[in-house]
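1. everything below, folded, please.
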Amino acid sequence: MPIQLARKLVGKERTTQANRTIGLLLAAVAGAINAGGFLAVQQYTSHVTGIVSAVADNLALGQMALVVDGVVGVLSFLLGAMTCAVLVNLARRKRLGSEYALPLLLEAALILCFGLMGSQLAHFEALLLPFTVILLCFIMGLQNAVVTKLSNAVIRTTHMTGIVTDLGIELGKLVYWNDRDHAMPAVRADRDRIKVLAGLLACFLVGGVVGAFGFKAVGYAFTVPIALTLAAFALVPFLDDLRAAA
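-> A predicted model of the protein is given here:
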């Protein structure tokens, strides 16, 4: 992987194209982890909406243990986002070039932890479920926050509800029949935005397919290449900071 590409995608200086490219990559990562994690513990962890709804349902059904699991999952997602904010703001205060690389390095390490420890915890079902849900929710909160910060909240990668909604709005504009004789301004679809939104959705789907088949074929080890790929991108700005400080 070219070093300059890593600096462009994960470095401090941001461009629209870099934001979109790293967004597509991380959407695929989220899809893979979400799908693979579901096969591990029968629960999706990349979005909070379903978890909160499950908390409400289980509360009504009197399933208090599941309510606690859901609340812990939401808090883990929240803690992941908080951790990202702390790392980014700390790096900015110290004027480091790895402000976005640090959360991604942590994400890579945690994904690797999931891949290496999951197979061991699989022998202890009582530990597997809470450990996996907490870890994966934390990872998704961390990732969603870093993409939100580096793109100024333009790109999200761990949940597709907003992506599909925005895509639907733009497609509605695209098929809308403008009346040339009408006094109102013509409605114009943002075709570039359509491509980005469709790309994020497609990458999440492809990542999910890869994650599901990968987990089915090799188990938790399917996450190792994902973790190494993220680490390869994020290490470049991190090592740049270490060299600058030496």
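
2. quick one: low-confidence ranges for this protein?
-> Within the chain, the segments meeting pLDDT under 70 span 1, 119, 121-129, 179-184.

3. start and end of stretch 90-99, how far apart?
-> Using CA to CA, to the nearest Å, the end-to-end distance of stretch 90-99 comes to 8 Å.

4. show residues contacting it.
-> The contact list for stretch 90-99 (CB atoms under 8 Å, 6 or more residues apart in numbering) reads 10-12, 87-88, 102, 105, 234, 237-238, 240-241, 244. For glycine as for every other residue, the C-beta is placed from the backbone atoms N, C-alpha and C.

5. cool, stretch 166-178 as well?
-> Taking CB under 8 Å, 6+ apart as the criterion, the residues outside stretch 166-178 that touch it are A186, V187, R188, A189, D190, R191, R193, I194, L197, A198, L201.

6. how deep is the first one tucked in, by neighbour count?
-> Under the neighbour criterion other CB atoms under 10 Å, A186 is assigned a count of 10.

7. can you check the one 4 residues further on too?
-> The tally of other residues near D190 (other CB under 10 Å) stands at 14.

8. try L75
-> The criterion is other CB under 10 Å. On that basis, L75 has 14 neighbouring residues.

9. same question for F233.
-> For F233, the count of nearby residues is 22 (other CB under 10 Å).

10. and the contacts of stretch 166-178, which of them are buried?
-> Buried residues within the contacts of stretch 166-178, defined by neighbour count using 16 or more other CB atoms under 10 Å: I194, L197, L201.

11. ok, longest helix in this protein?
-> helix 64-93 (DSSP state H).

12. in it, what's buried?
-> 67, 69-70, 73, 76-77, 80-81, 83-85, 87-88, 91.

13. what's the next secondary structure element after that helix?
-> helix 101-121 (DSSP states H and E).

14. just the CA trace of that next one, in PDB.
-> C-alpha atoms of helix 101-121 as PDB (Å, rounded to 0.1, in the frame of the first residue of the first chain):
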ATOM      1  CA  ALA A 101      -5.400   7.400  12.800                       C
ATOM      2  CA  LEU A 102      -5.400   6.900  16.500                       C
ATOM      3  CA  PRO A 103      -9.100   5.800  16.700                       C
ATOM      4  CA  LEU A 104      -8.700   3.600  13.700                       C
ATOM      5  CA  LEU A 105      -5.600   2.000  15.200                       C
ATOM      6  CA  LEU A 106      -7.600   1.300  18.300                       C
ATOM      7  CA  GLU A 107     -10.400  -0.100  16.200                       C
ATOM      8  CA  ALA A 108      -8.000  -2.400  14.300                       C
ATOM      9  CA  ALA A 109      -6.600  -3.600  17.600                       C
ATOM     10  CA  LEU A 110     -10.100  -4.400  19.000                       C
ATOM     11  CA  ILE A 111     -11.100  -6.200  15.800                       C
ATOM     12  CA  LEU A 112      -8.000  -8.300  16.100                       C
ATOM     13  CA  CYS A 113      -8.800  -9.000  19.700                       C
ATOM     14  CA  PHE A 114     -12.300 -10.100  18.600                       C
ATOM     15  CA  GLY A 115     -10.800 -12.400  16.000                       C
ATOM     16  CA  LEU A 116      -8.200 -13.900  18.200                       C
ATOM     17  CA  MET A 117     -10.200 -14.200  21.500                       C
ATOM     18  CA  GLY A 118     -13.600 -15.100  20.000                       C
ATOM     19  CA  SER A 119     -12.700 -18.600  19.200                       C
ATOM     20  CA  GLN A 120     -11.500 -19.200  22.700                       C
ATOM     21  CA  LEU A 121     -14.600 -17.600  24.300                       C
END
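
15. in the helix or strand just after that helix, which residues are buried?
-> Sequence-wise, the next helix or strand beyond helix 101-121 is helix 125-150, with elements assigned using DSSP H and E. Applying a neighbour-count criterion of 16+ other CB under 10 Å, one finds 128-150 buried in helix 125-150.
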